[in-house]
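Enquirer: Just need the structure, nothing else, for what follows:
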Amino acid sequence: LNEGHLNFGDSPKGLLPFHEYKNDHISTAFEEHLYEAALYASDNKEAKLHFTISAKYKDKFKEEFRRIEEFVEQKTGISFDISFSY
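Expert: This next block holds a predicted model:
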């Protein structure tokens, strides 16, 4: 888990690999929250989510959202308005 290997010690648990699907897609808990919100917390094809995270990980969460945003939006038909507090 250390820096020389998987480096999971420098990541919040919400960004660790969480589920592996049959199509070899590996999602994080953060991504799973987006799918859950798309199922029951969307209004007018938009889901608003707020996450409380450690400030030192804000860039990592924003980077992960940029990485998965288009994929999740295409799969769910929902757009996401995400905010963070620290």
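Enquirer: Give me the contacts around the helix or strand harbouring residue 32.
Expert: With elements delineated by DSSP states H and E, residue 32 resides in helix 29-40, which encompasses its position. The set of residues that contact helix 29-40 without belonging to it, under C-beta atoms under 8 Å, 6 or more residues apart in numbering, is 13-16, 18-19, 27, 47, 49, 51, 61, 64-65, 68, 72, 75-78, 80. C-beta here means a position set from N, CA and C on the backbone, and glycine is covered the same way.
Enquirer: Tell me the buried residues in that helix?
Expert: For helix 29-40, the buried set under the neighbour-count rule, 16 or more other C-beta atoms under 10 Å, comprises 30, 31, 33, 34, 37, 38.
Enquirer: about what we covered before: what about the contacts of helix 29-40, which are in strands?
Expert: Of the contacts of helix 29-40, the ones assigned to strands by DSSP state E are 18, 19, 27, 47, 49, 51, 80.
Enquirer: now these as a markdown table including neighbour count, pLDDT and distance to residue 5?
Expert: Listed next are these as a markdown table, based on neighbours: other C-beta atoms under 10 Å; pLDDT from 0 to 100; distance: C-beta to C-beta, whole Å:
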| residue | neighbour count | pLDDT | distance to residue 5 |
| --- | --- | --- | --- |
| 18 | 14 | 87 | 19 |
| 19 | 12 | 87 | 21 |
| 27 | 18 | 94 | 21 |
| 47 | 24 | 95 | 35 |
| 49 | 16 | 95 | 31 |
| 51 | 17 | 96 | 27 |
| 80 | 19 | 96 | 32 |
